[in-house]
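**Q** Okay, here's the prediction I keep looking at, along with the sequence it came from:
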Amino acid sequence: MEKNSKELTTLFDLPINHKIKDMDSTADTQYSKNYKIIDYSYICHKRFVIGSGSFGKVLYGTSLDKTKDYAIKFEKSTVKHSVIKEEMKILQDLSGGEGIPKIHYYGSIDDYKVLVMDLLGPSLDKYLKFCDKRLSLETTVNFGIEMVNRIEYVHSKNYLHRDIKPNNFLLGKFYKNFDKVDNTVYIIDFGLSKSYVDPLTAKHYEYRDNSRFVGTPRYASLNTHLGIRQSRRDDLEAISYVLVYFLLGELPWQGIKAKTKSEKKEKIKNKKKRVSTNKLCEGLPAEFVTIVEHTKNLEFYDKPNYDYIRSLLGRIKNESNQRISRNNVYLWEWENTFLESLMYYNQENYTQFNKTKKLYDKLYDGYPVCNFEEYLLKLKKRSEDASKYEETEEHNKESTVNGKVINEELIKNEKSIFKNVLQASEEKMNSFVMNYGNTPISSPFHSSQNGNFITINYDEFKLSSSKTNMKSGNSKLNKIA
């Protein structure tokens, strides 16, 4: 990381008024070797490689005034079927959606096609590897809800992704000094994506069972293996396999040996046929069995019930009393691991501290990050904010009446009253009278007690408490449920 930090300093020290032609000329070998100017607007830092694949490489870049960061994707111009060109078109169609990276430039330079996009954080696959190839239930559910949200939006624009895998989901926009936090999960890599709507008829394209395999065998749906043309259901089935993989660290069809890729795909297909959903999700909450089964039972033309899948994941979240990942003070499990290194440092256990530091370097390999010690100070501050946030949330769950805490039994009884009111007819509501303890209730909307009342919100099914201002008749409501 020291080497990268030095390079980054050199990059940031580039003079603003330096002539662009000189910076990109062969005469200036230092600039030519380490940097590349694109469209007179972006500086590509060649030694910061964020990612690579069969398409080419993704490098780190900045604006000329050094105020903005970008990811710059390169593809050889000699490629017969350009992935970047197709991806650029789809990203334009998806533009403006949450969790969709923004395109800033598309063009050619030297022997490459170039795509300049938002700089995003590491992939979910990197976080999985950091956590010894198993994510917590809390992290998995939060990721799952985000992934379903992203694919629903992609489908709403008439596209299929067709290559769902952990590498194609990235966590948040990346901010160089961790000054901001973005817990949105972004979906990327639309090189294999395709519309499922016929442009001539504006209808869902026809069923076909002689399609070639497209996607990643580990996560692809069984129907994809069988040569059935992909539709919306296949993206959702792939997401369900990814979530199981997050929790268990492996899938039953991993580790299969074969001499060729086609033979391996055939063996994976046969394994997927044999493994039951119950066996696949063994040891996991029952909701995961339901999610996998739901996606596998969808018909070719069916629109997936995204709300149903989210509700199942939400049920797991609620039952395990999980936090919401979207607030800026939430700490992920790997961040808690980083925080533990402060303990090692204070104990002068520098061996363990340096081991964690190496994990940090590996997670953000290719990114222009601050040094580990500075990062820990920022993370410590966020941890303190998170503690305050949780204390506030816990406090908001309680409400006091004349200094006395309203207990859970009172809330339970109020909910029972609310249920009874709903069941009563409109005529009976006007004359509805009940006894709440020793306090008479003259209206189904308020239960009076020593100048205080609890309001039942019929629309939101929530309770709130308030102390009545007897003189003005005004009241201030505070949620308690």
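**A** That came through fine. Quick caveat, the model's predicted, so the values are computed rather than measured. Numbers count the residues shown, from 1 in each chain.
**Q** CA atoms for contacts and neighbours, from now on please.
**A** Noted.
**Q** Now do the same contact list for the spatially most central residue of the chain.
**A** Geometric centre of the chain, nearest residue: residue 185, 2.5 Å, by CA atoms, centre = their mean. Each residue near residue 185 by CA atoms under 8 Å, 6 or more residues apart in numbering is listed here: 99, 143, 146-147, 150, 169-172.
**Q** what about 6 Å?
**A** Neighbouring residues of residue 185 by CA atoms under 6 Å, 6 or more residues apart in numbering: 99, 146, 170-172.
**Q** Residue 122 versus the spatially closest residue to it that is not a sequence neighbour, what's the distance?
**A** Nearest non-adjacent residue to residue 185, counting by CA to CA, 6 or more residues apart in numbering: residue 171, 4.7 Å away. The gap separating residue 171 from residue 122 is 6 Å, by CA to CA, to the nearest Å.
**Q** Could you check which of the two has the larger neighbour count?
**A** Neighbours were counted for residue 171 and for residue 122 using other CA atoms under 10 Å; residue 122 has more, 22 against 19.
**Q** Which strand residues bridge the residue lying closest to that one once chain neighbours are set aside?
**A** Spatial nearest neighbour of residue 122, excluding adjacent residues (CA to CA, 6+ apart): residue 170 at 5.6 Å. Taking DSSP bridges as the rule, residue 170 bridges to residue 123, residue 186.
**Q** Report how many residues lie close to residue 170.
**A** 24.
**Q** Could you do residue 283 as well?
**A** Residue 283 has 10 nearby residues by other CA under 10 Å.
**Q** so where does it fall, helix or strand?
**A** Assigned by DSSP states H and E, residue 283 belongs to neither a helix nor a strand.
**Q** Look at it and report its pLDDT.
**A** For residue 283, the model assigns a pLDDT of 95.
**Q** ditto for the one 4 residues further on
**A** Residue 287 is assigned a pLDDT of 97 by the prediction.
**Q** tell me the contacts of it?
**A** Residues in contact with residue 287 (CA under 6 Å, 6+ apart) are residue 312.
**Q** pull the CA atoms of the helix or strand containing it into PDB?
**A** If you go by DSSP H and E, residue 287 is part of helix 286-296. This file holds the C-alpha atoms of helix 286-296, laid out as PDB (Å, rounded to 0.1, in the frame of the first residue of the first chain):
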ATOM      1  CA  ALA A 286     -37.300 -22.100   6.200                       C
ATOM      2  CA  GLU A 287     -37.800 -18.900   4.200                       C
ATOM      3  CA  PHE A 288     -34.900 -19.700   1.900                       C
ATOM      4  CA  VAL A 289     -36.500 -23.000   0.900                       C
ATOM      5  CA  THR A 290     -39.600 -21.000   0.000                       C
ATOM      6  CA  ILE A 291     -37.600 -18.500  -2.000                       C
ATOM      7  CA  VAL A 292     -35.700 -21.100  -4.000                       C
ATOM      8  CA  GLU A 293     -38.900 -23.100  -4.700                       C
ATOM      9  CA  HIS A 294     -40.800 -19.900  -5.700                       C
ATOM     10  CA  THR A 295     -38.200 -19.000  -8.300                       C
ATOM     11  CA  LYS A 296     -37.900 -22.500  -9.600                       C
END
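**Q** Map the structural domains onto the sequence of the protein.
**A** 2-118, 124-319, 333-396, 400-479 (automatic domain parsing).
**Q** The following helix or strand past the helix holding residue 287: which residues count as buried?
**A** Counting by DSSP H and E, the next helix or strand C-terminal to helix 286-296 is helix 306-319. Neighbour-count burial for helix 306-319, counted by 16 or more other CA atoms under 10 Å, picks out 309-310, 312-314, 316-317.
**Q** next one: stretch 365-380
**A** 365-369, 372, 375-376, 379-380.
**Q** go on, stretch 57-70?
**A** Per 16+ other CA under 10 Å, stretch 57-70 contains these buried residues: 57-64, 69-70.
**Q** again, but for stretch 215-226
**A** 215, 217-226.
**Q** try stretch 258-277
**A** 264-269, 271-272, 277.
**Q** what's the distance between it and the middle of its chain?
**A** 29 Å (CA atoms, centre = their mean, to the nearest Å).
**Q** What lies in contact with that stretch?
**A** Residues from elsewhere that reach stretch 258-277 (CA under 6 Å, 6+ apart): 225, 253.
**Q** Give me the residues contacting stretch 52-68.
**A** Against stretch 52-68 from outside (CA under 6 Å, 6+ apart): 41-45, 48-51, 69-75.
**Q** Quick one, which of those residues has the minimum pLDDT?
**A** Among the contacts of stretch 52-68, pLDDT bottoms out at residue 51, giving 88.
**Q** Direction included, what does the helix or strand where that one lies pair against?
**A** Per DSSP H and E: residue 51 is located in strand 42-53. Partner strands and pairing direction for strand 42-53 (DSSP bridges) are strand 35-38 (antiparallel), strand 56-63 (antiparallel).
**Q** Helix, strand, or coil at the residue nearest to residue 114 when sequence neighbours are not counted?
**A** In space, and not counting its chain neighbours, residue 114 is closest to residue 74: 4.9 Å by CA to CA, 6+ apart. Recorded secondary structure, residue 74: strand (DSSP: H, G, I helix; E, B strand; the rest coil).
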